[in-house]
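Colleague: Predicted model and sequence below, questions to follow.
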Amino acid sequence: MNAPERFLAACARAPVDRTPVWMMRQAGRYLPEYRTVRSRVDFLTLCKSPDLASEVSLQPIERFGMDACVIFSDIMLAVEAMGASVSFGDSGPQIDAPIRSMADVERLRVPDPEAALPYALEALRRTREELHDRAALVGFVGGPFTLASYFVEGGGSRTFAAIKTMLYAQSAVAHALLAKLADFAARYAAAQAHAGAQAVQLFDTWAGELSPAAYEEFALPYQAAIVRSIRSAGVPAILFVNGCAGKLDLIAKCGADVVSVDWRVDLREARARLGAGVAVQGNVDPCVLLTTPDAVTTAARAAMESAGPTGHILNLGHGVLPPTPIECARAFVDAPKTAVVR
Ligand code: CP3
C-alpha cells in the first residue's frame, strides 16, 4: 500500500498493511527548517504565500515520512476572510473588534472561498502535485464553536466566559453566529476537497469546554452540517474536539468518518463508545514527546494496542509542542513501521 491508500483505508475502517501515522501541527516550530523559513517572514505572510506554505507542509514528510501531510495554514484565516481583522501576537491570535450583537453578526461576510482564500487553495493544489502520493493530503477548517470563541473573546481564553455568556444569555445571537461560521466552513471545506485535499479535518478544539447539553445545542448540529459537506465533496471527514471524553456518545452522532481523540480517554473506551462505524485517530499525549525516544515508542505502541489494527490513525492527542526534540518526533513516526506484527 502507498501512504494515501493506507491512510484512506484506515479512514474507511478497511484492512491496512500497518497503522498510518501523522502528527497535528507537524509543520511548525519544533523543526529547524521551519524556523529558518519563519525567520524571514511573519506567520500570516507564510500562510498567504502558496509556495512557502507548500514548502513548509512538505518539510515533515521529507524528514520523517508521515502517511498524511496536513496543509500549512491556520483556522484564523477564515475568520479574517469573513471580515475580522486578525493579528498574531506572542499570546496567539487577536481580533480587533470582538462580536457583541446581532448587528455585528450580520456584518460578517460569507464569501466565495476561491475569491477570499485563493492562496490556501493554491497551496493545496501545489502540495498535492509535489507529494506524488508520498502522503495523503489533509485539509482543515476551524469548528464553529472554536471560531466563535475567537470572534467573541477577541483572542484566546482560559474560561471562555464571553462566548459562554453569549450562549446562555443571547442564544439567538450565538446561533446566528454559529450558523454563519458553519455555512462558510462547509463551503471552504468542500473547496479544499476540490483543490486536492484527500481528507478534511474539522478542528473544533475548544468545543470540549462545553457541557454535554451545550455541546448538543451549540456545537453538534453545526459540526454535522460541515461533516455532510465534506462527505458530499467525496472525501472522509475527521472531527477533533480537545477534551472529548464526556461527549463521545454525542460526537458519535455527528457523522464523521474519523474522530480524533485526545489523551484523556483510552482509545479502547473511545472506540466502544463511538461504535463500530467510526475510525479513531490519536491519542498520545504531546508531552510524552518531550521525553525520550524509548518512552515515545512505548506510548505509541500502547495507543496502537488500545485501538487495534483497523480503523486507527496514529496521531497525538493535540498538536506537537515547539520544544519537542527531533529524535522523539522520529520515534513517533517510526513506531508503526517497526511494530511487531499483532
Ligand atoms: O497541523 C498542522 O501542522 C497544520 C497547521 C495548523 C496551524 N494551526 C499552524 C499554526 C493547524 C491545523 C492549526 C489549527 C489551529 N489554529 C487551531 C485548532 C487546532 C489546535 O491546534 O488547537 C487553533 C485553535 C488555532 C489558532 C492558533 N494559531 C493559535 C492558538 C496559535 C498560537 C499558538 C501557537 O502555537 O503559537 C496559532 C499560530 C500557529 N498556527 C502556529 C502554527 C505553526 C505558530 C506560528 C508561528 O509562530 O510560527
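Modeller: Perfect, I can see it now. Small disclaimer: the values here were computed from a predicted structure and weren't measured.

Colleague: switch to C-alpha atoms for all contacts and neighbour counts from now on
Modeller: Will do.

Colleague: ok, now which ones touch the residue nearest to Met24 when sequence neighbours are not counted?
Modeller: Spatially, and ignoring its direct neighbours in sequence, Met24 is nearest to Gly319 (4.5 Å; Cα to Cα, 6 or more residues apart in numbering). For Gly319, the contact set (Cα atoms under 8 Å, 6 or more residues apart in numbering) comprises Met23, Met24, Arg25, Gln26, Pro286.

Colleague: Can I take it that Gly319 is in a helix?
Modeller: No: counting by DSSP: H, G, I helix; E, B strand; the rest coil, Gly319 is not part of a helix but coil.

Colleague: For the residue nearest the centre of the chain, give me the pLDDT.
Modeller: Centroid-nearest residue in the chain, with Cα atoms, centre = their mean: Phe203, separated by 4.0 Å. For Phe203, the pLDDT comes out at 98.

Colleague: quick one: it from Ala276, how far?
Modeller: Distance, Phe203 to Ala276, using Cα to Cα, to the nearest Å: 22 Å.

Colleague: And for Thr291?
Modeller: Thr291 is 34 Å from Ala276, by Cα to Cα.

Colleague: between those two, which one's more packed in?
Modeller: Looking at Thr291 and Ala276 with other Cα atoms under 10 Å, you find the greater number of neighbours at Thr291, namely 14 against 10.

Colleague: Helix or strand: which one has the closest residue to that one other than its chain neighbours?
Modeller: For Thr291, ignoring the flanking residues on the chain, the nearest one in space by Cα to Cα, 6+ apart is Cys328 at 7.4 Å. According to DSSP states H and E, Cys328 maps onto helix 326-338.

Colleague: same deal with Gln281?
Modeller: Residue-wise, Gln281 maps onto strand 279-284 under DSSP H and E.

Colleague: Any idea how far that strand is from the middle of the chain?
Modeller: 12 Å (Cα atoms, centre = their mean, to the nearest Å).

Colleague: Around the ligand, which positions in this structure sit nearby?
Modeller: Proximity of the chain to the ligand (Cα under 6 Å from any ligand atom) is limited to residues 24-29, 43, 70-75, 92-93, 203, 205, 319.

Colleague: hmm, 5 Å instead?
Modeller: Applying Cα under 5 Å from any ligand atom, we find that the chain lies next to the ligand at Met24, Arg25, Gln26, Ala27, Gly28, Phe72, Asp74, Ile75, Gly92.

Colleague: if we can go back for a sec, and the residue nearest to the centre of the chain, bridged to which residues?
Modeller: Gly142, Phe240 (DSSP bridges).

Colleague: Verify the contact between it and Gly139 for me.
Modeller: No: if you go by Cα atoms under 8 Å, Phe203 and Gly139 don't touch, sitting 10.5 Å apart.

Colleague: ok, which stretches of the stretch 51-200 of the chain are helices?
Modeller: Taking DSSP state H, counting those that start in this stretch to define them, one finds helices in the stretch 51-200 of the chain at 76-81, 102-107, 113-116, 118-131, 144-153, 161-169, 171-194.

Colleague: of all these, which lies closest to Pro4?
Modeller: helix 118-131 (10.2 Å; Cα to Cα).

Colleague: what's the neighbour count on Ser91?
Modeller: Neighbours of Ser91 (other Cα under 10 Å): 8.

Colleague: Next one: it from Tyr30, what distance?
Modeller: Distance from Ser91 to Tyr30, counting by Cα to Cα: 18 Å.

Colleague: quick one on the thing from earlier: average pLDDT across whichever helix or strand comes after the strand holding Gln281?
Modeller: As assigned by DSSP H and E, the chain's next helix or strand after strand 279-284 is helix 293-307. On average, the pLDDT along helix 293-307 is 98.

Colleague: Repeat that for stretch 178-188.
Modeller: 98.

Colleague: hmm, who's touching it?
Modeller: With Cα under 8 Å, 6+ apart, stretch 178-188 has contacts from 78, 110-113, 141-145, 147-148, 218, 222-223, 225-227, 229-230.

Colleague: PyMOL command for the buried members of those residues?
Modeller: Selection of buried members from those for PyMOL, criterion 16 or more other Cα atoms under 10 Å:
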select buried, resi 78+110+111+113+141+142+143+144+145+147+148+218+222+223+225+226+227+229+230
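
Colleague: Would you pull up the residue in this structure closest to the ligand?
Modeller: As assessed by Cα to the nearest ligand atom, the ligand sits closest to Arg25 within the chain, at 2.9 Å.

Colleague: how close does that residue get to Val56?
Modeller: Distance from Arg25 to Val56, counting by Cα to Cα: 11 Å.

Colleague: Tell me which of the two has more neighbours.
Modeller: Val56 (26 against 18).
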